[in-house]
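Engineer: predicted structure and sequence below. I'll ask about it afterward.
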Amino acid sequence: MSRIVFVHGIAQEVVGPESLLAEWYPALCDGLALAGGEVPARDEVAMACYGDLFRQAGHRGIGTPELDASDVEAGLEEELLLQWWEYAARIDPRLPGPRDRARLRTPYPVQRALDALSHSAFFAGAGERLMIGAARQVRRYFTEPRTRAAVLGRFERALTDRTRVVVAHSLGSVVAYEALCAAPDRPDVVLVTLGSPLGVRNLVFDRLVPPPHAGRGRWPASVRQWVNIADRGDLVPLAKGLAPLFGERVRDVPVHNGARAHDVRPYLTARECGAAIGEALAHRSG
């Protein structure tokens, strides 16, 4: 009966809940210890795992099929890559931006974006397949109703009446938000979002269910408190603050994760994250 439920983000197709918890649980304990909070037992923490729903089917070739710029679908995939590129160039003046044509080898926007992102601090060393795959999972979640429903179902089954805190990373924050909005009568929880893209207009925010009204997202009725944590160097939460879109009850907290800006482990080990989770556990146990 888990008091804390984790929800992972993209690129977890070949791992399961136990493998993920082997990394996330120690980082959680470190963050809580730094903040002076209660450290929960291992069996009080669960992982809502959905990565396998995006795992490719087997094929006759050897290895994983490569993806290149020609595989990027117009619309959400292309726009997401272009926005990542624009933000990466904004925070790193050494990186060629979308308007800097002279310093780039190719005139094609998607290929230029992939070339630039491969030299950014965020995607350093990442191949095109990884970058395209990340954008593709976001697109599939929002455009494939059966996939979306299956992902939401995994999260809903992980919740129990004892769940007090939901800690959601990256695309997992979208999953948690939509599922909690759909369950207004469940026991209240604290929502902690890490590196969340929920505030990315047009590509994420405007595709949410329930849809925003008059430019504002709906507050999930079962959420007692919402703490949103983001690193300035993290490309995924292009909009770092969620309070302007979801209301002043959201507490936006900046952190610095070093070179691994989007990695969940430095998010979890941050004192600020440990404090948010620790306060939620203490509130319900007191």
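Structural biologist: Perfect, I can see it now.

Engineer: all contacts plus neighbour counts: C-alpha atoms, from now on.
Structural biologist: Fine.

Engineer: where does pLDDT dip in the stretch 151-286 of the chain?
Structural biologist: The stretch 151-286 of the chain contains residues with pLDDT under 70 at 284-286.

Engineer: quick one: end-to-end length of stretch 114-132, please.
Structural biologist: Its first and final residues considered, stretch 114-132 spans 9 Å by Cα to Cα, to the nearest Å.

Engineer: and stretch 56-67, by the same measure?
Structural biologist: One end of stretch 56-67 to the other measures 13 Å (Cα to Cα).

Engineer: show me what the longest helix along the chain is packed against.
Structural biologist: As assigned by DSSP state H, the longest helix anywhere in the chain is helix 17-34. In terms of contacts (3 or more Cα pairs under 8 Å, 6 or more residues apart in numbering; DSSP states H and E), helix 17-34 is packed against strand 45-48, helix 264-269, helix 271-285.

Engineer: from the middle of its chain, how far away would it be?
Structural biologist: With Cα atoms, centre = their mean, to the nearest Å as the basis, helix 17-34 stands 17 Å off its chain's centre.

Engineer: report the angle between the lengthiest strand in the chain and helix 271-285.
Structural biologist: Across the chain, the longest stretch assigned as strand under DSSP state E is strand 223-231. On the basis of axes from the mean of the first three to the mean of the last three Cα atoms, to 10 degrees, strand 223-231 is oriented at 170 degrees to helix 271-285.

Engineer: name the nearest residue to Lys240, sequence neighbours excluded.
Structural biologist: Ala230 (5.9 Å; Cα to Cα, 6 or more residues apart in numbering).

Engineer: quick revisit: elements contacting the longest strand of the chain?
Structural biologist: Here strand 223-231 touches strand 189-194, strand 250-255, going by 3+ Cα pairs under 8 Å, 6+ apart.

Engineer: right, so the ones you listed: which one is the most enclosed?
Structural biologist: Sort the helices and strands packed on strand 223-231 by mean neighbour count, taking mean count of other Cα atoms under 10 Å, and strand 189-194 sits at the top with a mean of 26.

Engineer: what packs against it?
Structural biologist: strand 165-169, strand 223-231, helix 271-285.

Engineer: one more time with 6 Å, if that's ok
Structural biologist: strand 165-169, strand 223-231 (3 or more Cα pairs under 6 Å, 6 or more residues apart in numbering; DSSP states H and E).

Engineer: strand partners of that strand, parallel vs antiparallel please.
Structural biologist: Here strand 189-194 is paired, per DSSP bridges, with strand 165-169 (parallel), strand 223-231 (parallel).

Engineer: how about stretch 118-129: buried residues?
Structural biologist: Neighbour counts over stretch 118-129 (16 or more other Cα atoms under 10 Å) mark 118-123, 127-129 as buried.

Engineer: same check, this time on stretch 149-156
Structural biologist: 151-152, 154-156.

Engineer: residues in contact with that stretch?
Structural biologist: Residues outside stretch 149-156 that contact it (Cα atoms under 6 Å, 6 or more residues apart in numbering) are 48, 50, 175.
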